[in-house]
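Trainee: Need a 3D model of the following:
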Amino acid sequence: MVDKEKVKDFFYFRSVYEFLLDKHYRNLLLTSSFIIATGTVVYHYLEEWSWVDSLYFSVVTLTTIGYGDFAPQTDMGKLFTIIYIILGLGMILGFINAVYEHYRNRSERRNGNSYHNENPIQRFDP
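Mentor: As a prediction, the model looks like this:
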């Protein structure tokens, strides 16, 4: 009997491995990690937050979640946040889109489906 959880884990790790092998995806991951790390360091020193709070705020800000539980209090922190959002948002959203495209393309290859040449409206038309 095949354990479905083990099979699911295998496909997950295989997919992550394939993702990391692609130079474009790997560069996006490294750039996104660098942007988040930069924000974490800057917030830690400018706002005197803990490392965890700084990382949390960096990720929440660039993913546009914005819970509102943290906000920069210093003028330099506020100015940095403006620049950080403008520069970092596009990169993070590009990375999230690349992950989505990777998994969608992988799923299409595995299932033999391709929606690239179809009208997207017709796909959902009853």
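
Trainee: quick one: which helix or strand includes the residue most central in space within the chain?
Mentor: In the chain, the residue lying closest to the centroid (CA atoms, centre = their mean) is residue 96, at 3.9 Å. Using DSSP states H and E, residue 96 falls within helix 75-111.

Trainee: and residue 70, which of the three is it?
Mentor: Put simply, residue 70 is coil when judged by DSSP: H, G, I helix; E, B strand; the rest coil.

Trainee: any idea how far it lies from residue 22?
Mentor: Here the distance between residue 70 and residue 22 works out to 34 Å (CB to CB, to the nearest Å). To be clear about C-beta, it is placed using only N, CA and C from the backbone, and glycine gets the same treatment.

Trainee: Please say which of those two ends up with more neighbours.
Mentor: Neighbour count, other CB atoms under 10 Å: between residue 70 and residue 22, residue 70 has more, with 16 against 13.

Trainee: Show the contacting residues for the more buried one.
Mentor: 49, 53, 56-57, 60 (CB atoms under 8 Å, 6 or more residues apart in numbering).

Trainee: pLDDT-wise, which helix or strand of this protein ranks last?
Mentor: helix 120-123 (a mean of 50; mean pLDDT, DSSP states H and E).
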